[in-house]
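S.K.: structure of the sequence below:
(one chain, ligands or ions: 1)
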Amino acid sequence: MSQYVLRLDDVHTDIGEYQVLHGITFNVPEGGVHVLLGRNGAGKTTTLRTIMGLWRARSGAVVFKHHDITSMHTSDIARLGIAYVPENMGIFGGLTVQENMRLATTSGKFDDGRLGHVFELFPAMEKFWSKPAWSLSGGQKQMLAISRAIIEKRELILIDEPTKGLAPSIIRSMIAAFEEISRDCTILLVEQNFLFASSLGRNVNVIDDGRIAHGGSMEELAGDKELQTRLLSLSLDAHQ
Ligand SMILES: Nc1ncnc2c1ncn2[C@@H]1O[C@H](COP(=O)(O)OP(=O)(O)OP(=O)(O)O)[C@@H](O)[C@H]1O
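M.R.: Coordinates of the predicted model:
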């Protein structure tokens, strides 16, 4: 049995006439948080969208557990147990917190235990249950986006830059929530905030110009300033 929940093998993705991913290969081990880092425009979001079938890989393979999902439709990929929290969060401002979360369920019904777990992680979701999503703060909107992803059991959650624009105190509470969520499923996290990423990530891949520039343990990268500067200087300068 594979110990990887996700494998990308030599994935090439074009957007229009531009080749964006030039042969991405990496494995995501089961459990914990796996981080994708890289400069602006490196291809991190394109990688997540390719996994979800929102962009089509021109060649190469995306394998989730034992399923080759390279050419599957996004809805079928989601049904296999992958959730995606995009950078723009994908929530509906005119709907209430409850309605947003109900839309993320497959049956339209909530599992009480699961909902209780979400409320424990993010008490604001219970407090603002009947409020429209537009009225939430930036941090609460991000919590709602993540709550939608975990309202049913998932094997893998892809999350794109969840801390962007958030205050340090909110980011600290996000770290605790992510640690809890990753006990139950694997998280593939795209981040520019290295402090957040390094406090959560077990393993890391760095993408540069649509290629994997580095792969290894987060402990190694966090302890090697020279390696960080070489691989990430532009994005660290821009976001710390
Ligand atoms: N819809 C699009 N049309 C054309 N080019 C695009 C589109 N989306 C992304 N690109 C280009 O693809 C490249 C990779 O973009 P991508 O969003 O994957 O990078 P990223 O690593 O997620 O960067 P960021 O941290 O800035 O979000 C960039 O050069 C970007 O300009």
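
S.K.: tell me where the chain has helices.
M.R.: 44-51, 74-79, 97-103, 112-121, 123-127, 138-150, 168-181, 194-200, 218-222, 225-239 (DSSP state H).

S.K.: of all the ones you listed, which lies closest to the ligand?
M.R.: helix 44-51 (3.3 Å; CB to the nearest ligand atom). C-beta coordinates here come from the backbone N, C-alpha and C atoms, glycine included.

S.K.: and the closest one, what's its mean pLDDT?
M.R.: Per-residue pLDDT values across helix 44-51 average out to 97.

S.K.: what does it rub up against?
M.R.: 6, 8, 11, 13, 15, 20-21, 24, 36-38, 55-57, 62, 64, 69, 77, 82, 84, 86-87, 158, 160, 188, 190, 207, 210 (CB atoms under 8 Å, 6 or more residues apart in numbering).

S.K.: now with 7 Å?
M.R.: By CB atoms under 7 Å, 6 or more residues apart in numbering, the residues outside helix 44-51 that reach it are 11, 13, 15, 20-21, 24, 36, 38, 55, 57, 62, 84, 87, 158, 160, 190, 207.

S.K.: cool, and stretch 15-23?
M.R.: 10-14, 43, 46-47, 50, 55, 60, 210-211.

S.K.: flag the shaky bits of the chain, pLDDT-wise.
M.R.: 1-2, 234-240 (pLDDT under 70).

S.K.: so which residues on it come close to the ligand?
M.R.: Residues of the chain lying close to the ligand (CB under 6 Å from any ligand atom) are 15-16, 18, 20, 38, 40-46.

S.K.: so which residue is dead centre in the protein?
M.R.: residue 159 (1.6 Å; CA atoms, centre = their mean).

S.K.: can you get me a residue count around the closest residue to that residue other than its chain neighbours?
M.R.: Of all residues not flanking residue 159 in the chain, residue 85 sits nearest, at 4.5 Å (CB to CB, 6 or more residues apart in numbering). Applying other CB atoms under 10 Å, we find 25 residues neighbouring residue 85.

S.K.: do you know how far residue 85 is from the ligand?
M.R.: Distance of residue 85 to the ligand, computed by CB to the nearest ligand atom, to the nearest Å: 14 Å.

S.K.: how about that residue, what does it touch?
M.R.: Taking CB under 7 Å, 6+ apart as the test, what residue 85 contacts is 145-146, 149, 157-160, 162.

S.K.: residue 218: which of those is nearest?
M.R.: residue 159 (15.8 Å; CB to CB).

S.K.: how much space between residue 95 and residue 74?
M.R.: Distance of residue 95 to residue 74, computed by CB to CB, to the nearest Å: 21 Å.

S.K.: and if you look at residue 115?
M.R.: 25 Å.

S.K.: could you report the neighbour count for the nearest residue to residue 222 once chain neighbours are set aside?
M.R.: By the measure of CB to CB, 6+ apart, the closest residue to residue 222 outside its immediate chain neighbours is residue 198, 4.3 Å from it. When neighbours are defined as other CB under 10 Å, residue 198 has 18 of them.

S.K.: again with residue 156
M.R.: Around residue 156 there are 22 residues (other CB under 10 Å).
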